[in-house]
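[1] What follows is a predicted structure for the sequence shown.
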Amino acid sequence: MQKAHLYEALYLVNHGIDEAVRGVQRLKKAPHAFQEVYYKSVAGLERRRSLINGQFMHEMAGQEEDNAMYFAEEYNRWLSDDPLDDDEIYSLVRFLEAERKKMGEPPLVQFLKRKKEDKEEDVVLKKALKDTTPKPKSRLPKAKRKDKAKGKVAQAHVASDALAA
């Protein structure tokens, strides 16, 4: 949200171009100078300045409009007489603690992290809730697998041959 450093950077770009233009104008005073080259140089620098400024302002205008809409909503929400719900209170406290951290101040509130056990319990509970839903039973009899039956018969023949030998 803080954009002062961006505007300062744009100021430095413009200041640098100003210095370059002044340097080119001083070079124009030299005897036997090709004036056309210097005019083209100054025009090129000014053209680049206008492109940079135009692009920067175009991008910043969109961000500023977005911020204006966001803060208008925030302003109206905090001025309303409706009480805040739990999520709004939580996000407000998180925001305030983040701002305190940026300023280097110690936290007033400590947010507890959930333990792994709690997370595992939640997973088990969710799984248990999914398993409690009744599943429709099929009225058709289960088909017996022929592969298992052939395998058991073959094992019986091998076992009887081994006993006979």
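    Perfect, I can see it now. Numbering: from 1, shown residues only.

[2] now Gly104, what's its secondary structure?
    coil (DSSP: H, G, I helix; E, B strand; the rest coil).

[3] how near is Arg49 to Met57?
    The gap separating Arg49 from Met57 is 12 Å, by CB to CB, to the nearest Å. The C-beta positions use only the backbone N, C-alpha and C, and glycine is treated the same way.

[4] the helices in the chain, which residues?
    Using DSSP state H, the helices of the chain run over 4-28, 35-79, 86-102, 116-131, 146-164.

[5] average pLDDT for the last one?
    When you say that, I think you mean helix 146-164. What helix 146-164 shows for mean pLDDT is 58.

[6] okay, now Leu96: neighbour count?
    Using other CB atoms under 10 Å, Leu96 has 13 neighbouring residues.

[7] Same question for Met103.
    Counted with other CB under 10 Å, Met103 comes out at 7.

[8] what's the answer for Arg94, then?
    12.

[9] nearest residue to it other than its sequence neighbours?
    Nearest residue to Arg94, sequence neighbours excluded (CB to CB, 6 or more residues apart in numbering): Phe111, at 7.5 Å.

[10] and the one you found, what pLDDT?
    74.

[11] How much space separates it from Glu99?
    On the measure of CB to CB, Phe111 and Glu99 end up 15 Å apart.

[12] pLDDT-wise, which helix or strand of this structure ranks last?
    Least confident helix or strand, the chain: helix 146-164 with a mean of 58, by mean pLDDT, DSSP states H and E.

[13] Give me the domain ranges for the protein.
    Annotated domains of the chain cover 1-82, 84-131 [automatic domain parsing].

[14] mean pLDDT for the ones you listed: which is lowest?
    domain 84-131 (a mean of 77).

[15] Can I get stretch 58-74 in PDB, CA atoms only?
    Written as PDB, here are the backbone C-alpha positions of stretch 58-74 (Å, rounded to 0.1, in the frame of the first residue of the first chain):
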ATOM      1  CA  HIS A  58      -1.100   4.700 -16.200                       C
ATOM      2  CA  GLU A  59      -0.200   1.700 -13.900                       C
ATOM      3  CA  MET A  60      -0.400   3.700 -10.800                       C
ATOM      4  CA  ALA A  61      -3.800   5.100 -11.800                       C
ATOM      5  CA  GLY A  62      -5.300   1.600 -11.900                       C
ATOM      6  CA  GLN A  63      -3.800   0.700  -8.500                       C
ATOM      7  CA  GLU A  64      -5.000   3.900  -7.000                       C
ATOM      8  CA  GLU A  65      -8.600   3.300  -8.200                       C
ATOM      9  CA  ASP A  66      -8.500  -0.200  -6.800                       C
ATOM     10  CA  ASN A  67      -7.200   1.100  -3.500                       C
ATOM     11  CA  ALA A  68      -9.900   3.800  -3.400                       C
ATOM     12  CA  MET A  69     -12.600   1.200  -3.900                       C
ATOM     13  CA  TYR A  70     -11.100  -1.100  -1.300                       C
ATOM     14  CA  PHE A  71     -10.700   1.700   1.300                       C
ATOM     15  CA  ALA A  72     -14.200   3.000   0.600                       C
ATOM     16  CA  GLU A  73     -15.600  -0.400   1.500                       C
ATOM     17  CA  GLU A  74     -13.400  -0.600   4.600                       C
END
